[in-house]
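Peer 1: sequence and predicted structure, then a few things I'm wondering about:
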Amino acid sequence: MIKRFLFLGLASGLTLAAATAQAQTPVTLSTSPYVENFNGIGTALPAGFGTYTGATTAALGTAAAPTFAATAWSNTSGGFKNFASANAVAAGSSTADQNAATDRALGVRQTGGVGDPGAAFVFQVANTTGKTDFALSFKLQSLDETSPRITTWQVSYGIGATPSSFVNIGPTATTGDLSFSNNTVTVSFNQALDDKNAPVWIRVAALNASTNPGNRPTSAIDDFSLSWSPLSASTPYLTAAPDALAFGSQNVTTTSATAQTYSLLGANLAGATTLTATGPFTISKDNTTYATTQTYTPTELATAKTVYVKFTPPTTGPFTGSITNTSAGATTRTVTLAGTGKDPNQTLFDFSACTGTTAISDGWSQVSVTGAQTWACTTFGRDPNAPTGTTAAPYGVQMNGYAAGNVANEDWLISPGFNLTAYNFPLFSFWSRTAFNGPALKLRVSTNYSGTGAPSAATWTDLNVQFPAIGSDTWAQATANLSAYKGANVYVAFVYTSTTGGAARWTLDDIALTNSATAPAPVVFADQSLVAFGYQAVNTTGDRTLTVAANDLTGPVTLTPSNAAFTLSKDGTTFSNTLSLTLAEVNNASKAVTVRFRPTTPSTNYSASLAITTPGTTVPSVSLTGDTYDVANTLELVNWNIEWFGSTTAGFGPTDKALQQANVTAAMIALKADVYAFEEVVDTARFRTVVNNLSAALGVPYNFRASQFGSYADNINDVDYAGAQKLAFVYRTDMVKPTAFQGLLRCAQADGCAGYTPWASGRFPYMMSANVTLNGVTKPVNFIVLHAKANATATSANDYARRQTGSMLLKNLLDTTYPTANTVIVGDYNDVLNGTIATGVTPAVSSYNNFVADAANYVPISLPLAQAGLQSTTGYKTVIDNVIANRNMANFYINGTVAVRTDVAAAITNYASTTTDHYPIFSRYSFSNTTTATKANTRVALGLYPNPVTNTVRFDVPETGANLSLHVQTLDGRTVLRGTGSAEQLNQQLNQRVGTLGTGLYLIQVVGAKQTYTDRFVKQ
């Protein structure tokens, strides 16, 4: 993750040795700090600096001469180059402006053959004699915002004339990820470089291959500043080496038998030196008597003393601590400590030693059956202090079948052999995480694998475990019970597959085998949290399939929908309102269940909660929805990002543009919408062909209109317009009569209006005002399509701020100019409505929270999709393509019809790589439907009052049953209350909880036998 940086001043005093572009000559340091701004690299590298390829932890690499002529950021030829600094010019600046900039940066454009991995910027110092406490600061710049690949940079150091090893120090930082950034990296070397009478090498290197598909980034360094403190003959001084101790794993409540040690030495000390340990660590001077504090006299530290350290973890899990070594007048030296408490009945594989590439640690091995890509070590392991988050922590194991495109692979990650004969309940658990689209991972077990060679020579059995959803990109834990495989030589394997149509990235960490004294609790899971039928004609049936899986059951699994319009079947023939799955059918296996919807009332929404129960555990319910609103009398609206449609720029969108065109046409024919709102239309001529083919296929007239602006494209005459991502509407001309098209908040780049930068530098909201006729009723509607500023990891907080500002400007415009209109806002919001995808944002609410929180005037129609755990893109488990309607338009929304149309994508081969990385979002509206909008309907039915709420609240529902269920949650999906009972009992439970809730907006749902009632309340 990249952060914005500030830099140290430019004053420095040095004695420079002669330097040329061909040879790296070390500098002799004189006055701190040493600063280099790279403004003079038009003819040669500064003294002390070199550029290298092939850098590794064990090798400096090969010197690579840069191109000294000014070069544009977008130049894709590989090599080290002279770039304009991000200090001087902004993102998207012209080549002329870049070349004219006097503030320069030393950079590199990586390619598959140059520096990926192994690019390195290297600084050499003759020696550090008489100097201490070195610290480095520099700017790391990501200069080409069109580059999606991510390069990870690491500071390291080596000692000696020809160092054979480099030590990594400080955190990593990244460039790329479609970002333009100028971030400060700071590193403290502590005592590592102190008083060295030999050459010292400091480098910034890309030691691992870049990740993500697409072109590689342009990366640069600038404003390099190395500081230190002088070491005089009379200055009090302490040294502690090493400055970090790692204990590995230790059984809980026991003390490490062997101490870790460090050396402590003092000079010119005026008084005692005090050592203080924190955490579950103790220290000793003699390896006999241990305590949390110790003291040394100046005389004792005149010669180096060994300090002994032991670790006593109180519980399982990671622990950190430190030892501060302090003496009056001397710089305090801190030794950091780390260790992990482990269960003696558990074998843990945390891959902390997995620092190689394909040489997997901890006894695990990889076998590649097909494809060049293999399981390998990665620095992007799981951080145990943020167990389900996306924070990286060394190390883990990773496999990705993408390499300049999706590649067919089959790769096995195989455990060491386990002897399970003495185990009570052998439980195999692991954490996994996946990103991008591709086949799911499989977990298999064998009792006759030899331990080496082809897995096909043995018998393997699939284990029934719940992996995280494809594209979810967060850590999830799963456990498999190996009791059925208690042999003396048992192997477990993770099997990865990818195809030319999809290659997901899978990461594993913190795998454990536990000898449990008790049987594991039952686990039941469904493959969907929402089954949406959409429109179904009265007294006809529609079927959907739901797969239920279970492990370690003690009794049957029972499924019961709360609405009689939904029935269930095991065989697709015999249906009932309650279905029981036996242990033989579903335990340690999965079972397909047919859900049937048969509505009986016209123009009605149907919803139900499918309860799933089994003894010994609680299982989340599945939502069922459908409706009987005739499509001939309703408005079907689709919003869809079609990924650089028709762009001829390499790396932008699917490679086969004709196939993309054919697939988009096929999807639109299947969707049969009345109005389509598109994002990322580039080739409007090709798009017109799509619209013409749509009209011909469906036999109804369609037309389209594209925005006459885009990012950095002020109008159709702008040189950037042809290649820009444009917004577009496609509409049925027999029922939708446009009266105006306009860009909201629009201005030219030179005008610098308030909305320009927030709305992706000119990609303003595009509005079609039209008269819409449904079933003989005509009403004016404002359709607004958005394509907001994308979120890049490196610039997440800034991107969030831009989206938030744009959202506030848009809402203010709508509130003041169109307060009584019927308005619906659709498109690629590039953020979720239930929280935010941005990092570094507090509070973590949506960029569009101003709309979401205004419950009186706006309804977030697509919010239930996110709450159901769906995803609107092929690669990430989030809903960033959204629909918000103002109150007037929301009254026409047919509740429960909003859907992510993955069914359309499923009909297209290799959808994600041939069509787009977004799914269509579908919603329906009826002008005769004035009581079915999310809020309009439930406000009357639920009867929630008072609102806002202080300490008491009450709801009324038109049902008297004793088995109502209550669910209250925050906007980001966190449950704060669940309950069952009669309406009066649920009101009592609600009032016992509401007084303790924090201020904010809450969603409340009551599920009855007839209907599901939802509303929102504001807690003051």
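Peer 2: Great, that's in hand.
Peer 1: and stretch 741-751, which residues are buried?
Peer 2: If you call a residue buried by 16 or more other CB atoms under 10 Å, then stretch 741-751 has these buried ones: 741, 743-747, 749. C-beta coordinates here come from the backbone N, C-alpha and C atoms, glycine included.
Peer 1: now swap in stretch 275-289 and tell me
Peer 2: Buried residues in stretch 275-289, defined by neighbour count with 16+ other CB under 10 Å: 275, 277, 279-285.
Peer 1: in strands, which of those residues appear?
Peer 2: Secondary-structure check on the buried residues of stretch 275-289 using DSSP state E: residues within strands are 275, 277, 281-284.
Peer 1: out of those residues, which is nearest to T916?
Peer 2: When these are ranked by distance to T916 (CB to CB), F281 comes first, at 53.5 Å.
Peer 1: show me what the closest residue to that closest one other than its chain neighbours bridges to in the sheet.
Peer 2: In space, not counting the residues next to it along the chain, F281 is nearest to G321; the distance is 4.6 Å by CB to CB, 6 or more residues apart in numbering. For G321, the beta-bridge assignment (DSSP bridges) gives partners L337.
Peer 1: my guess is F494 contacts L413. True?
Peer 2: Yes - in terms of CB atoms under 8 Å, F494 counts as a neighbour of L413; the distance is 4.4 Å.
Peer 1: and the pLDDT at the residue most central in space within the chain?
Peer 2: Closest residue to the average C-alpha location of the chain: D473 at 5.3 Å, with CA atoms, centre = their mean. Per-residue confidence for D473 comes out at a pLDDT of 79.
Peer 1: coming back round to it: pipe the buried residues of stretch 275-289 into JSON lines and attach distance to V309 per row.
Peer 2: Shown next, in JSON lines, are the buried residues of stretch 275-289 (distance: CB to CB, whole Å):
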{"residue": "L275", "distance to V309": "10"}
{"residue": "A277", "distance to V309": "7"}
{"residue": "G279", "distance to V309": "11"}
{"residue": "P280", "distance to V309": "11"}
{"residue": "F281", "distance to V309": "6"}
{"residue": "T282", "distance to V309": "7"}
{"residue": "I283", "distance to V309": "5"}
{"residue": "S284", "distance to V309": "8"}
{"residue": "K285", "distance to V309": "11"}
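Peer 1: please enumerate the shared neighbours of F494 and L413.
Peer 2: Taking CB atoms under 8 Å, 6 or more residues apart in numbering as the contact criterion, the residues that touch both F494 and L413 are 375, 508.
Peer 1: ok, so of the ones in strands among the buried residues of stretch 275-289, who is nearest V845?
Peer 2: Each of these was scored against V845 by CB to CB, and F281 proved nearest at 39.8 Å.
Peer 1: what sits against the closest one?
Peer 2: With contacts defined as CB under 8 Å, 6+ apart, F281 is in contact with 292, 309-312, 321, 323, 337, 339.
Peer 1: then S263?
Peer 2: Residues in contact with S263 (CB under 8 Å, 6+ apart) are 239-241, 304-307.
Peer 1: neighbours of A72, how many?
Peer 2: Neighbouring residues of A72 were enumerated by other CB atoms under 10 Å; the total is 19.
Peer 1: so how far is E585 from it?
Peer 2: A72 is 64 Å from E585, where distance means CB to CB, to the nearest Å.
Peer 1: again with V622
Peer 2: The gap separating V622 from E585 is 18 Å, by CB to CB.
Peer 1: between these two, which one's more packed in?
Peer 2: V622 (22 against 15).
Peer 1: quick one: which helix or strand includes the nearest residue to the more buried one once chain neighbours are set aside?
Peer 2: With CB to CB, 6+ apart as the criterion, V622 has its nearest non-adjacent residue at 4.1 Å, and that residue is L610. Secondary-structure assignment from DSSP states H and E places L610 in strand 605-614.
Peer 1: from the chain's centroid, how far away is the next helix or strand along the chain from that strand?
Peer 2: Per DSSP H and E, strand 605-614 leads on to strand 617-618 as the next helix or strand towards the C-terminus. Taking the mean C-alpha point of strand 617-618 and that of its whole chain, the gap between them comes to 29 Å (CA atoms, centre = their mean, to the nearest Å).
Peer 1: helix, strand, or coil at A386?
Peer 2: coil (DSSP: H, G, I helix; E, B strand; the rest coil).
Peer 1: how close does it get to V548?
Peer 2: A386 sits 31 Å away from V548 when distances are taken as CB to CB.
Peer 1: least trustworthy helix or strand in the chain by mean pLDDT?
Peer 2: None of the helices or strands of the chain scores lower by mean pLDDT, DSSP states H and E than strand 13-15, at a mean of 33.
Peer 1: check contacts around A119.
Peer 2: The contact partners of A119, by CB under 8 Å, 6+ apart, come to 51-53, 55, 80, 108, 110, 151, 205-206, 219.
Peer 1: can you do 10 Å?
Peer 2: By CB atoms under 10 Å, 6 or more residues apart in numbering, the contact list for A119 reads 51-55, 61, 64, 78-80, 107-110, 151, 153, 204-207, 210, 216, 219.
Peer 1: tell me which of those residues fall in strands.
Peer 2: When DSSP E defines the strands, the subset of the contacts of A119 inside them is 51-53, 79-80, 107-109, 151, 153, 204-205, 219.
Peer 1: gap between the residue of the chain most remote from its centre and Y395?
Peer 2: Taking CA atoms, centre = their mean, the residue of the chain most remote from its mean C-alpha position is T299, at 55.0 Å. Summarising the geometry, the distance separating T299 from Y395, computed by CB to CB, is 43 Å.
Peer 1: got the contact list for the nearest residue to N190 once chain neighbours are set aside?
Peer 2: In this structure, N190 finds its nearest non-sequential neighbour in D243, 4.9 Å apart by CB to CB, 6+ apart. With contact taken as CB under 10 Å, 6+ apart, D243 is in contact with 189-192, 262, 322-323, 325, 333-336.
Peer 1: pick out the most distant pair among these.
Peer 2: For the contacts of D243, the farthest-apart pair by CB to CB is F189 and I323; their separation is 18.7 Å.
Peer 1: those two: who's more crowded?
Peer 2: Taking neighbours as other CB under 10 Å, F189 and I323 compare with I323 leading, 27 against 23.
Peer 1: what does the host helix or strand of L977 rub up against?
Peer 2: Counting by DSSP H and E, the secondary-structure element that holds L977 is strand 975-981. Strand 975-981 is touched from outside by 618, 961-970, 985-990, 992-994, 996-998, 1002-1007, 1019, with contacts defined as CB under 10 Å, 6+ apart.
Peer 1: no further questions, thank you.
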